[in-house]
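Asks: how would this look folded up:
(chains A and B)
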Amino acid sequence: QQKVQQSPESLIVPEGAMTSLNCTFSDSASQYFAWYRQHSGKAPKALMSIFSNGEKEEGRFTIHLNKASLHFSLHIRDSQPSDSALYLCAVSMRSGYNKLTFGKGTVLLVSP
Amino acid sequence: EAAVTQSPRNKVTVTGGNVTLSCRQTNSHNYMYWYRQDTGHGLRLIHYSYGAGNLQIGDVPDGYKATRTTQEDFFLLLELASPSQTSLYFCASSDANRWDSDYTFGSGTRLLVI
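Replies: Numbers count the residues shown, from 1 in each chain, chains lettered A, B, ... in the order given. This is a model prediction of the structure:
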């Protein structure tokens, strides 16, 4: 069964700093890797996804995938207080449907 | 706008009680999922379905039943609720035609079993 682990569990960064969140997975056949963001009291919402080695940038957010290391990460440039949330990484295999396995999450607090 | 709507938003029941959580999606998605979210455990899959009348077992199914009555509607049933089922429950949907489809989540139902 796929194991997905995130680090750190929680993180406090000052406004304007770079934030880096990590996710490791156990199954080397995994094909799809995503980050979801959940603000307090709200539903998780898809943030970014990637399915091939390398980097993908969207605005202040960059996702980096290294399949050989079973690792992917999310980097937030110029972190803002509005980025404060629970960040969940998710992994799926390429199959008839996309059963996502989620990590336990990283709580990010960006202090003004 | 495509959406996933859950009801009720909050529910309190007694131990041994009967609870039904409802979910409706207007995304035209085939796949629907029920998750529970607990501190220290993250999101855990209870049951999922790929169409009306279909039901698949998730990772933490004990104590839960589910039923998919239509493409749009997916229900989670707790027939003998226990305090260990106190949790935040999320419904989600995804596109069956795309193995890399993002999930769209509902706003959640907070259940307290006393």
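
Asks: hey, let's count contacts and neighbours off CA atoms from now on
Replies: Fine.

Asks: If the closest residue to chain A within chain B is in a bridge, with which residues?
Replies: Nearest residue of chain B to chain A (Cα to the nearest Cα) works out as B:Gly42 at 3.9 Å. In this entry, B:Gly42 is beta-bridged to B:Asp38, by DSSP bridges.

Asks: Would you check that it makes contact with A:Thr106?
Replies: No. In this structure, B:Gly42 is not within contact of A:Thr106 by Cα atoms under 8 Å, at 9.9 Å.

Asks: Contact partners for the residue of chain B closest to chain A?
Replies: A:102-105 (Cα atoms under 8 Å, 6 or more residues apart in numbering or on different chains).

Asks: State the distance from it to B:Tyr89.
Replies: Per Cα to Cα, to the nearest Å, B:Gly42 is found 11 Å from B:Tyr89.

Asks: same check, this time on A:Tyr36
Replies: 17 Å.

Asks: Looking only at neighbour counts, state which of the two leads.
Replies: A direct count of neighbours by other Cα atoms under 10 Å in any protein chain shown for A:Tyr36 and B:Tyr89 places B:Tyr89 higher, at 26 against 20.

Asks: In contact with the residue in chain A positioned nearest to chain B, which residues are there?
Replies: Residue nearest to chain B within chain A: A:Lys104 (3.9 Å; Cα to the nearest Cα). By Cα under 8 Å, 6+ apart, the contact list for A:Lys104 reads A:5-6, A:88, B:40-43.

Asks: repeat that for 10 Å
Replies: A:4-7, A:9, A:23, A:86-90, B:37-44 (Cα atoms under 10 Å, 6 or more residues apart in numbering or on different chains).

Asks: Checking it next. Helix, strand or coil?
Replies: coil (DSSP: H, G, I helix; E, B strand; the rest coil).

Asks: Look up phi and psi at it.
Replies: phi -80, psi -20 (degrees, to the nearest 10).

Asks: picking up where we left off before, most neighbours among the contacts of B:Gly42, which one?
Replies: A:Gly105 (31 neighbours).

Asks: mind listing what that one touches?
Replies: Contacts of A:Gly105 by Cα under 10 Å, 6+ apart are A:4-10, A:21-23, A:35-38, A:85-90, B:39-43.

Asks: repeat that with 6 Å
Replies: In this structure, A:Gly105 makes contact with A:87-88, judged by Cα atoms under 6 Å, 6 or more residues apart in numbering or on different chains.

Asks: residue ranges with poor pLDDT in the chain?
Replies: Unless you meant another one, I'm taking chain A. Residue ranges of chain A with pLDDT under 70: A:94-98.

Asks: wrong one, chain B
Replies: Using pLDDT under 70, chain B drops low at B:1-2, B:99-100.

Asks: what ranges do the strands span in chain A?
Replies: A:4-7, A:10-14, A:19-25, A:30-38, A:45-50, A:54-58, A:61-66, A:71-76, A:85-93, A:101-102, A:106-111 (DSSP state E).

Asks: closest one to B:Asp59 among those strands?
Replies: strand A:101-102 (9.9 Å; Cα to Cα).

Asks: Now tell me what touches that closest one from outside.
Replies: A:89-91.

Asks: so what's the residue most central in space within chain B bridging to?
Replies: Nearest to the geometric centre of chain B sits B:Trp34, at 2.7 Å (Cα atoms, centre = their mean). Note on B:Trp34: beta-bridge partners B:His47, B:Cys91, judged by DSSP bridges.

Asks: Fine, thanks again, bye for now.
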